[in-house]
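Q: A structural model of the following input is requested.
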Amino acid sequence: MKNANDSQIVLSLKDLTIGYDNKIIMENINLDVRRGEIISILGQSGCGKSTLLKNIIGLYTPLKGSILIFGRDLICCSEYRRRVMMKKMGITYQSGALLGSLSIAENVALPLEEHTRKTKSEIKRIVMEKLEMVGMDKYADYMPSEISGGMKKRAGLARALALNPELLFFDEPSAGLDPISSAEFDSLIKSIRDRANATVVLVTHELDSIFAISDRVVVLDKTIKTVADIGDPRELRENSASEFVRRLLGRNNLKRQE
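A: Numbers count the residues shown, from 1 in each chain. Below you'll find the predicted structure:
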């Protein structure tokens, strides 16, 4: 029988195994992400965090298992259905991944030009709306080379929001930011989640960000090549059955004690 909460699950990983050329990086990953959650993926360097993200968004093909997005298997679906599903997903990268030959507004307009039949005036209106959401509307005519790294991340987020995605993915959103800018970007992620009614999955190694905005954290352990624990980061820091998880989430406390 279908659970009443199933309708709220927007992303489901079932017995997922990821790797390259049959070399397993992580295996037996099971995770249900519910609508409106902010989920962080944490682990040691080289544990496969970004590889897992690339599998979820369809850039890589898993060695085994299923990735269900809005109830449909991303791996087995038709190319048409995959394109439909991808339009419901917004993705941001560490650097913003902007095209240097286009203005900020032109970068944000790209998904709308490629995937919709909206008029130029409609696209311009949407672009300015998304730039306003991330505090970049005054920089619409700037080139990527003329703005800071943090502003590039915001512009990249505006582009990811262009098609009103229901799922937002972030790869190391705080990388390269100073503590104040990082905290501001954390607040922006929460604000976007609320304003856009989106679900957020982010890969990060920043504990401050995890504790500030995450509803749950997925901790990967490369020693056992699977998920060590999943849950509220504060609860796991104190009570996880895994010593590795308790130490990883408590490492800021360890630094303060030294």
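Q: can you tell me how far the nearest residue to Leu11 once chain neighbours are set aside sits from Val218?
A: Beyond its immediate neighbours in the sequence, the residue positioned closest to Leu11 (C-beta to C-beta, 6 or more residues apart in numbering) is Val33, lying 4.0 Å away. Using the backbone N, CA and C atoms, a C-beta is placed for each residue, glycine as well. With distances taken as C-beta to C-beta, to the nearest Å, Val33 is found 9 Å from Val218.
Q: neighbours of Ala158, how many?
A: Close neighbours of Ala158, defined as other C-beta atoms under 10 Å, add up to 29.
Q: ok, and the closest non-adjacent residue to it?
A: Once its chain neighbours are removed from consideration, Ala158 has its nearest residue in Lys130; the separation is 4.2 Å (C-beta to C-beta, 6+ apart).
Q: pull out the buried positions in the host helix or strand of the one you found.
A: In this structure, Lys130 is located in helix 120-133 according to DSSP states H and E. By 16 or more other C-beta atoms under 10 Å, the buried positions in helix 120-133 come out as 123, 126-128, 130-131, 133.
Q: using JSON lines, lay out those residues together with distance to Ser148 and pLDDT.
A: Supplementary listing: the buried residues of helix 120-133 in JSON lines, determined by distance: C-beta to C-beta, whole Å; pLDDT from 0 to 100:
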{"residue": "Ile123", "distance to Ser148": "26", "pLDDT": "96"}
{"residue": "Ile126", "distance to Ser148": "24", "pLDDT": "96"}
{"residue": "Val127", "distance to Ser148": "20", "pLDDT": "97"}
{"residue": "Met128", "distance to Ser148": "20", "pLDDT": "97"}
{"residue": "Lys130", "distance to Ser148": "19", "pLDDT": "96"}
{"residue": "Leu131", "distance to Ser148": "15", "pLDDT": "96"}
{"residue": "Met133", "distance to Ser148": "18", "pLDDT": "93"}
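Q: what's the most distant pair in those?
A: Maximum pairwise distance in the buried residues of helix 120-133, criterion C-beta to C-beta, is 15.7 Å, between Ile123 and Met133.
Q: chain neighbours aside, what residue packs nearest to Arg246?
A: Nearest residue to Arg246, sequence neighbours excluded (C-beta to C-beta, 6+ apart): Ser240, at 5.2 Å.
Q: and the one you found, how far is that from Arg234?
A: Remark: distance between Ser240 and Arg234 (C-beta to C-beta) = 11 Å.
Q: these two: which is more packed in?
A: Regarding Ser240 and Arg234, a neighbour count based on other C-beta under 10 Å identifies Ser240 as having more, with 21 against 13.
Q: can you count the residues close to the closest residue to Ile123 other than its chain neighbours?
A: Nearest residue to Ile123, sequence neighbours excluded (C-beta to C-beta, 6+ apart): Leu112, at 4.7 Å. The burial metric for Leu112, expressed as a neighbour count using other C-beta under 10 Å, is 20.
Q: do the same with Leu16
A: Here the neighbour count serves as a burial measure; for Leu16 (other C-beta under 10 Å) it reads 24.
Q: tell me which element it falls in.
A: With secondary structure defined by DSSP H and E, Leu16 is part of strand 9-20.
Q: show residues contacting that strand.
A: Contacts of strand 9-20 with the rest of the structure, by C-beta atoms under 8 Å, 6 or more residues apart in numbering, involve 24-35, 48, 51-52, 55-56, 60, 62-71, 166-167, 199, 201.
Q: do that again at 7 Å, thanks
A: By C-beta atoms under 7 Å, 6 or more residues apart in numbering, the list of residues contacting strand 9-20 from outside reads 24-35, 48, 51-52, 55, 62-70, 166-167, 199, 201.
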